[in-house]
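Trainee: I need the structure of the sequence given here:
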Amino acid sequence: MQHRGFLLLAVLALLALTSAGTKKKDKVRKGGPGSECAEWTWGPCTPSSKDCGVGFREGTCGAQTQRIRCRVPCNWKKEFGADCKYKFESWGACDGSTGTKARQGTLKKARYNAQCQETIRVTKPCSPKTKAKAKAKKGKGKD
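Mentor: Sure thing, here's the model as predicted:
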């Protein structure tokens, strides 16, 4: 009787281990040692909802296709994409006719074989004139 209980417990444990192993099929390797492909081409990171946050990037290599998780920062510049990293100069002077100031960036890094421009120019509105901070201070003077 005890042998049957032990055998039943062993079979249940074995079933539990095999079912836990099959749940890991969603894991994706990025061209590791077991991969036959060396030249992966990756597409842009596409957020799952809205225009930023967690999403997926699809890659292809020959007939193989893989999806990996990625994240699009919510402060990314849509004009040049989240996979193109630039080093920017300081902001220029305010152009009075357009009300904007500009700066130029040179490509520092292109992630996932992204097609990036070597140099880009970005603009932003000029900040409004700051009001003088010379408010009347209440001191210990005599009135």
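Trainee: report pLDDT for Thr46.
Mentor: We note a pLDDT of 85 for Thr46 in this prediction.
Trainee: report the contact partners of it.
Mentor: 55-58 (CB atoms under 8 Å, 6 or more residues apart in numbering). All C-beta spots, glycine's among them, are computed from the backbone N, C-alpha and C.
Trainee: switch those over to JSON lines; also include neighbour count.
Mentor: Formatted as JSON lines, the contacts of Thr46 follow (neighbours: other CB atoms under 10 Å):
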{"residue": "Gly55", "neighbour count": "18"}
{"residue": "Phe56", "neighbour count": "15"}
{"residue": "Arg57", "neighbour count": "19"}
{"residue": "Glu58", "neighbour count": "15"}
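Trainee: buried sites along the top strand by length along the chain?
Mentor: Using DSSP state E to define each element, the chain has its longest strand at strand 100-110. With burial defined by 16 or more other CB atoms under 10 Å, the residues of strand 100-110 counted as buried are 101, 105.
Trainee: helices and strands around that strand, which ones?
Mentor: Helices and strands touching strand 100-110, by 3 or more CB pairs under 8 Å, 6 or more residues apart in numbering; DSSP states H and E, are strand 84-88, strand 119-125.
Trainee: coming back round to it: with respect to Pro44, which of the contacts of Thr46 is nearest?
Mentor: Of all the contacts of Thr46, Pro44 sits closest to Arg57, with 7.0 Å by CB to CB.
Trainee: does the closest one really touch Tyr112, like I thought?
Mentor: Yes: with contact defined as CB atoms under 8 Å, Arg57 reaches Tyr112; the gap is 6.6 Å.
Trainee: shared neighbours, these two?
Mentor: 42-44.
Trainee: ranking those by neighbours, who comes first?
Mentor: Trp42 (19 neighbours; other CB atoms under 10 Å).
Trainee: turn the contacts of Thr46 into CSV, columns for pLDDT and secondary structure.
Mentor: Formatted as CSV, the contacts of Thr46 follow (pLDDT from 0 to 100; DSSP: H, G, I helix; E, B strand; the rest coil):
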residue, pLDDT, secondary structure
Gly55, 91, strand
Phe56, 91, strand
Arg57, 90, strand
Glu58, 90, strand
